[in-house]
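Trainee: just need the structure, nothing else, for what follows:
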Amino acid sequence: MSIIKKIGIIGLGTVGEATLASIKKQCSLIEKRTAIKLKVVKVCDARREKSRLADKYSVSFSNDPYDIINSNDIDIVVELIGGIEPARTYILKSLKRGKNVVTANKALLARHSKQIFGVARKLNKSIGFEASVCGAIPLIQIISRGLVGCKVRKLYGILNGTTNYILYMMAKRKMSFASALKEAQDKGFAEKKPNFDIEGIDALHKLSILSYLCFGAWPSLENIHVEGISKVSLLDIIYAAELSYTIKLIAIARRDKNRLDLRVHPALIPYEHPLAQVNLAFNAVWLDAYPAGELLFYGEGAGGVPTSSSVISDIVNISLAKPSFIQERRGIKFINIGNIINRYYIRFMAKDRPGVLSRISKILASLDISIASVTQKERKEKNFVPIVMVTHQAKEGNIQKAISRIDKLSVIRGPSQVIRIENL
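Mentor: Prediction:
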């Protein structure tokens, strides 16, 4: 005999609307597979015109979230409005009213996870958040359940579809950043105000959640170094390709005993690595875990219909299992970006005259930075030519000091470009 689970959805945007439609369409299949009958009994949205959608699916409509939160007829509240407030209040009120909660709200979890999970744990209620990271990819279930017996050593992720689409189009069609961004906006892959995506903030929030899943640590967002892609030029895309690399916005999480290296930034990825082949607006996560080894997860990272599959997965899993929480580890320290050791791609714009390279090399050598290769390109811009260097392993802090000094030289037109090389 099937168990009926009654659901209330707050927010009928792209994901909320798709979730309602998918539950209605897939409820028979879900019941056959799980003996759980999902029933959406009420939906809520501030826009009254959304009542037509509720009518279409024969569901009660309200524009007051508390009609769902305070209802004794609802088991699971699905929060899909996004943002910090009032979403945080709605989730906390729902938990205190005895509801389990499903959310796709990565920004909220990244900033207020300790409070929300603390209340849920105290009240023995579940928080489902599969849809908050990588859309349709069931990454959270895989890490928390499928890899429960594994120790994650490092993780590299393409967590934002907008930036991946822009970088891919820059490389494929030799477009400038501005042109690729405009195309992404025209095709619906980028918002009208895209800074949240292109400056790495979206990936930052997702990496925070993955840090908790993989290492039991909710980092303060200030502990994660973040750079976006707005300064990546077509020149860098072309020169990276000549070196057999592609440029991706990468989220990195690496454990070194009791220390974590967490960062989001553009990186040169070798062509032969699977992440280099992730194109368009797709997401992917590559991780190394013991004893499982190297694993790659790939799929659509956004969009209402794909993401609705993760929301439904959370609803069903909450219905089938008792609340469980990853134990938070204490005493973890976060590695400052200045202390990491990496190889670097550096592009200078230098005056085309003798002795320039010697002056650059002298500054680099003074900070223990060794050059692996250097190429002066033919292209000239107002008597300045690109010089592309690849370094051996060097300390980040020394690289930044060197660039600061070099950019002050009269023969250099700064700022010079520095992109980390990740040889996974």
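
Trainee: so what's Val113 closest to, chain neighbours aside?
Mentor: Just so we're on the same page, residue 113 is Ser rather than Val. Nearest non-adjacent residue to Ser113, counting by CB to CB, 6 or more residues apart in numbering: Trp218, 5.0 Å away. To be clear about C-beta, it is placed using only N, CA and C from the backbone, and glycine gets the same treatment.

Trainee: mind listing what that neighbour touches?
Mentor: Trp218 is in contact with 113-114, 208, 211-212, 328, counting by CB atoms under 8 Å, 6 or more residues apart in numbering.

Trainee: equivalent analysis for Glu227, please.
Mentor: Residues in contact with Glu227 (CB under 8 Å, 6+ apart) are 199-200, 264-266.

Trainee: could you do Ile341 as well?
Mentor: Taking CB under 8 Å, 6+ apart, we find Ile341 in contact with 393-396.

Trainee: sort out for me which of the residues you listed are in strands.
Mentor: 394-395 (DSSP state E).

Trainee: from the contacts of Ile341, which would you call buried?
Mentor: Neighbour-count burial within the contacts of Ile341 applies to 394-396; the criterion is 16 or more other CB atoms under 10 Å.

Trainee: of all the residues in stretch 378-397, which ones are buried?
Mentor: In terms of neighbour count (16+ other CB under 10 Å), stretch 378-397 has its buried residues at 384-391, 394-396.

Trainee: which one of the residues you listed is nearest to Ala276?
Mentor: Among these, Val390 lies closest to Ala276 (CB to CB), at 16.8 Å.

Trainee: tell me the SS of the closest one?
Mentor: The three-state label given to Val390 by DSSP: H, G, I helix; E, B strand; the rest coil is strand.

Trainee: surely it and Tyr344 touch.
Mentor: Yes: counting by CB atoms under 8 Å, Val390 touches Tyr344, with 7.2 Å between them.

Trainee: shared neighbours of these two, which are they?
Mentor: Going by CB under 8 Å, 6+ apart, residues that sit against Val390 and also against Tyr344 are Ile421.

Trainee: secondary structure of the residue nearest to Ser113: a strand, I assume?
Mentor: No: counting by three-state DSSP, one finds Trp218 to be coil, located in no strand.

Trainee: distance check, it against Leu260.
Mentor: To Leu260, Trp218 is 11 Å away according to CB to CB, to the nearest Å.

Trainee: which residues are in contact with both of the two?
Mentor: Shared contacts of Trp218 and Leu260, defined by CB under 8 Å, 6+ apart, are found at Ser211.

Trainee: sorry, back to before: can I get the buried ones among the contacts of Ile341 in a markdown table with pLDDT?
Mentor: Below are those laid out as a markdown table (pLDDT from 0 to 100):
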| residue | pLDDT |
| --- | --- |
| Ala394 | 98 |
| Lys395 | 98 |
| Glu396 | 98 |
